[in-house]
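Undergrad: everything below, folded, please.
(chains A and B)
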Amino acid sequence: MFNKADRIKENLRSEMYPSIFCLGCGIGNVLNYTLRAIDECHLDFDKLVFLSGIGCSSRLPGYINADGLHTTHGRALTFATGVKLAKPELSVIIFTGDGDCAGIGGNHFIHAARRNVDMTVIEINNFNYGMTGGQTSPTTPIGGLTTTSPYGSLEQPFDLAELAKGAGASFVARWIPSYAYETIACIKKAILKKGFAFVEILVPCPTSYGKKNKIDDGKEGWDWLKEITILKSTFNKLSDKEKEQNKKMIIGELQNIERKEFSQSIGNI
Amino acid sequence: MEQGEYNRIVKAIGKKQLFAQGDEAYAYGALLAGCRFFAGYPITPATETAELMSKLLPLIGGTFIQMEDEIASMGAIIGASVTGVKSMTVTSGPGFSLMQEHIGYACMTETPCVVVDVQRSGPSTGQPTEPSQGDIMQARWGSHGDYEIIALAPNSVQESLELTIECFNLSEKYRNPVLLMTDGEVGHMREGITIPDFAGYNIFDREKPQKDLKDYTPFLPEQGKVPQIADFGCGYHTYITGLTHKPDGLPATDDAEIHTQLVTRICQKITDDADKIIKVEELFLEDAETVVISYGITSRAAINAVKILREQGEKIGHLRLITIWPFPEKIVCKIGESAKKILVPEMNLGQIYHSVKEAVGYNAEVIKFPKIGGTLHTPQDIIEVLKEKIFNV
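TA: As a prediction, the model looks like this:
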C-alpha cells in the first residue's frame, strides 16, 4: 500500500519531533534501522511492545507509535520479562544503553540472558553516560576522558557481547551504524530469533564523550568507530598471534545457538 | 471471574476448610482475586507465599517466576500488569526497601499491583525470623516524591486471605499499588480458615477505555480521577513513562502546570475517596475515656486487654486500624475529641503513633507503647502500662 519510507513514517509519533538527540548522535540511526528491520519481519504493531530504561537511547520507544514502557534506570529487562511471560503472544523489543544495561542493570542483563526469555535487546553503546553530561560508563575505554575520569578512565571496560555470550544468550551481535544494511539484517535476525537476542550498536556521542576525546564532529565519530572495530570476517583471517594481540572490538554476528525458550518452557509445566 | 475458574482454584487449593499460615492465605486470596502473575525472591518470613504460588499458579494457567532480586520482582509484576494481568509480589523488610523505587513508578504510571510486606525486625538485616511493624512509615513515604498509597493490615489468617482480595480490588479500582502490611507473626501462625464461596466475595476488574482509538487519551479519566488505560497488546498504542507526562502519556518534564495537575490527580484519586477506602473496627468507643489504637497482630492483645479492663469497670475502648493508609484521620480525630487518653501499642519505637498524634492534636494525651525485638505485646503488658500510665494505680 505504502512504500517502505511511508510505512516507517506511519509508525512514528510525529508529535514527538524534533527529537532530543544531538547533531551527529547515532541513536536516531538505530531507530531507523530497527523500524526497517521490523518492516521486513512484517510484525503487527498492535502486538509489539517497546521497553527501555533511562538514558538517551531509552527515549526511543517514545518516538514509536506502539505500546511503549519507559521504565526505571537499568530495570527494563525485568519489566520486559513480566510483559512477555504474562502475554507470550506479544513481541518485545528493548532499547538500552551501556550505562543502563551494564552499569545499574548488569545483574538483570545476565539473568535475562541466562533465562532466555524471547526478547530482543538493542543496546546502544556510546561509551559514556551521555544524558547526565558524559560520565565514565562500564564501557568507557581505558584512558577515555569523561567528566568523572578527568585523568583518563582507569577501569577495564566490559565487552557486553562477550558477557551476553557467557550468560547464555541465544543470539549475540555487534554492529556500527556505518554498516546500515548489515545492521538492519542483523536486527531482523535478532527479532525473529526465539530466545534472548542481544545486539550491541556502537554509536558516536559528539556532545559528551566526543567533545572530551576530540572525536566530536560527525565524520570523526563515525571514523573512530571504524578504527576501534574489526569485522568478524577480517578477524577470522588473522593469524593466531594477531588474534591474541587484537584490541579492536569484533563486529558481526557473534553467537547464534539453539536453546529452549523460557516462556515456552513455563507454558509446558 | 467465571464459576468454572473459581472451581479450578478451589480444586488447586484442595479443600475449602484449611489449617493454614498467613503466608499461605496471601496466596489463596490472590488467586481468588484473579492474580495470575507472581514474581518474587526468597526472604524470611515471606518465602512460603512464593513457594505456594510456584505450585498453584501453573495449575490454573498463571505464571510464577523467581526473579534475581526484589527490584526485578517488582519490575516484573508491573510489566505483567500493563498487559492487563493481575500481579503480586511478597517480601519482607530488606526486599521492601529495594522495591521502593518501583512502587513509586507504579504510582506515577497508575499501574495496579499488590505488594505483601511480611514485616520482620529491622533496620537492615535485623532479626530475620522475628515479627515487627517497623515498615509502617516506609510503606507511606518510602519512595521519592509526592504520592498516595493504600495499605491494609490483617490480624488473623482468615483476614489475611480476605484483605489480600481487598488489596487487589482497591488496586484495580484506583490503579495504584496496594500494600498488605502484615508481619512475621501473622505470616507464620496457623489458624483454621474458610475459602469463601463463589458468591461470597466481590472481584473488581480495572476499567477498560470506552472511547475509540481516535479519542483515546490514556491518562485523562473519562470521569472521576482514575484513568482508563488500555492494556498493552490491544491496539491502543499506549506510551507509559515514569517521567512527568501529559494526558496523552508523552513526556513533558519542564512544565510546572502539567506536573502539578498530574501529581495532584494521582494523589487526590485516593484522598478524595478516603472515606470509602478506610475500614476500622470499633469496640466500646461510645463512652470510652481511654482508647487503645492498634493494628495487625498487636490488636489481638490490645482487644483482649480492653475487654478484661471493661469487665473490671474501666471506661475503655479500642480502635483497630484495618486500613493503615490512607490514615483514618477523621475517625481518630473524633476519638481525640471525646477520649482523654489514647494508648498506641506498636511493634516499633512509635510510628503510627505520630499519625494518631497529628490527628488528635492537643485534644487528648497520646501515649506510645513500643515493643521491639520480636516479642509480641501480651494483654497483660498492655493492662500494666494502662494501669501505670493512665489509671495511675
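Undergrad: where along chain B do the helices fall?
TA: For chain B, the helices defined by DSSP state H occupy B:3-13, B:22-33, B:47-56, B:70-82, B:93-109, B:136-141, B:157-174, B:184-188, B:256-271, B:274-277, B:298-311, B:329-338, B:352-360, B:379-389.
Undergrad: with the stretch 101-250 of chain A instead?
TA: A:106-115, A:160-167, A:180-192, A:211-212, A:218-227, A:232-236, A:240-245 (DSSP state H, counting those that start in this stretch).
Undergrad: ranking these by burial, who's on top?
TA: Highest mean neighbour count among those (mean count of other C-beta atoms under 10 Å in any protein chain shown): helix A:106-115, with a mean of 22. C-beta coordinates here come from the backbone N, C-alpha and C atoms, glycine included.
Undergrad: tell me what it is packed against?
TA: helix A:76-86, strand A:119-125, helix A:160-167, strand A:196-202, helix B:70-82 (3 or more C-beta pairs under 8 Å, 6 or more residues apart in numbering or on different chains; DSSP states H and E).
Undergrad: distance to residue B:151 and mean pLDDT added to those, as JSON lines?
TA: Below are the helices and strands packed on helix A:106-115 laid out as JSON lines (distance: least, C-beta to C-beta, whole Å; pLDDT from 0 to 100):
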{"stretch": "helix A:76-86", "distance to residue B:151": "23", "mean pLDDT": "98"}
{"stretch": "strand A:119-125", "distance to residue B:151": "33", "mean pLDDT": "98"}
{"stretch": "helix A:160-167", "distance to residue B:151": "37", "mean pLDDT": "98"}
{"stretch": "strand A:196-202", "distance to residue B:151": "36", "mean pLDDT": "98"}
{"stretch": "helix B:70-82", "distance to residue B:151": "16", "mean pLDDT": "98"}
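Undergrad: for the ones you listed, could you give me TSV that also reports distance to residue A:186?
TA: Below are these laid out as TSV (distance: least, C-beta to C-beta, whole Å):
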stretch	distance to residue A:186
helix A:76-86	20
strand A:119-125	10
helix A:160-167	12
strand A:196-202	6
helix B:70-82	26
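Undergrad: tell me who's in contact with residue B:380.
TA: residue B:305 (C-beta atoms under 8 Å, 6 or more residues apart in numbering or on different chains).
Undergrad: using CSV, lay out the helices of the stretch 101-250 of chain A together with distance to residue A:146.
TA: Listed next are these as CSV, based on distance: least, C-beta to C-beta, whole Å:
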stretch, distance to residue A:146
helix A:106-115, 18
helix A:160-167, 18
helix A:180-192, 26
helix A:211-212, 6
helix A:218-227, 15
helix A:232-236, 28
helix A:240-245, 27
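Undergrad: closest to residue B:193 out of the ones you listed?
TA: helix A:106-115 (34.8 Å; C-beta to C-beta).
Undergrad: what sits up against the closest one?
TA: A:74-75, A:77-78, A:80-81, A:101-102, A:119, A:121, A:138, A:158, A:160, A:163-164, A:167-169, A:196, A:198, A:262, B:67-69, B:72, B:75.
Undergrad: so who does the residue of the stretch 51-200 of chain A found nearest chain B touch?
TA: Using C-beta to the nearest C-beta, the single residue of the stretch 51-200 of chain A nearest to chain B is residue A:82, 2.6 Å away. Shown in contact with residue A:82 (C-beta under 8 Å, 6+ apart): B:37, B:39, B:75-81, B:83, B:87.
Undergrad: ditto for residue A:136
TA: Here residue A:136 is in contact with A:128-129, A:144, A:146, A:148-149, A:153, A:155 (criterion: C-beta under 8 Å, 6+ apart).
Undergrad: for it, list each beta-bridge partner.
TA: Beta bridges link residue A:136 to residue A:128, judged by DSSP bridges.
Undergrad: report pLDDT for it.
TA: Residue A:136 carries a pLDDT value of 98.
Undergrad: gap between it and residue A:222?
TA: 23 Å (C-beta to C-beta, to the nearest Å).
Undergrad: so what's the residue nearest the centre of chain A up against?
TA: Central residue of chain A (C-alpha atoms, centre = their mean): residue A:123, 1.8 Å from the mean position. Contact partners of residue A:123, counting by C-beta under 8 Å, 6+ apart, are A:57, A:96-98, A:101-102, A:160, A:198-201.
Undergrad: of those, which is the nearest to residue B:226?
TA: residue A:96 (31.6 Å).
Undergrad: buried residues in the strand or helix carrying residue A:39?
TA: Per DSSP states H and E: residue A:39 is located in helix A:27-41. Neighbour-count burial for helix A:27-41, with 16 or more other C-beta atoms under 10 Å in any protein chain shown as criterion, is recorded at A:27, A:29-39.
Undergrad: ok, stretch B:59-72 next?
TA: B:62-72.
Undergrad: check these against residue B:289 and report the nearest one.
TA: residue B:70 (45.1 Å).
Undergrad: is the closest one in contact with residue B:99, as I believe?
TA: Yes. Contact status for residue B:70 versus residue B:99: in contact at 5.3 Å, counting by C-beta atoms under 8 Å.
Undergrad: shared neighbours, these two?
TA: Joint contacts of residue B:70 and residue B:99 (C-beta under 8 Å, 6+ apart) are B:89, B:91.
Undergrad: I'm done for today, thanks for sticking with me.
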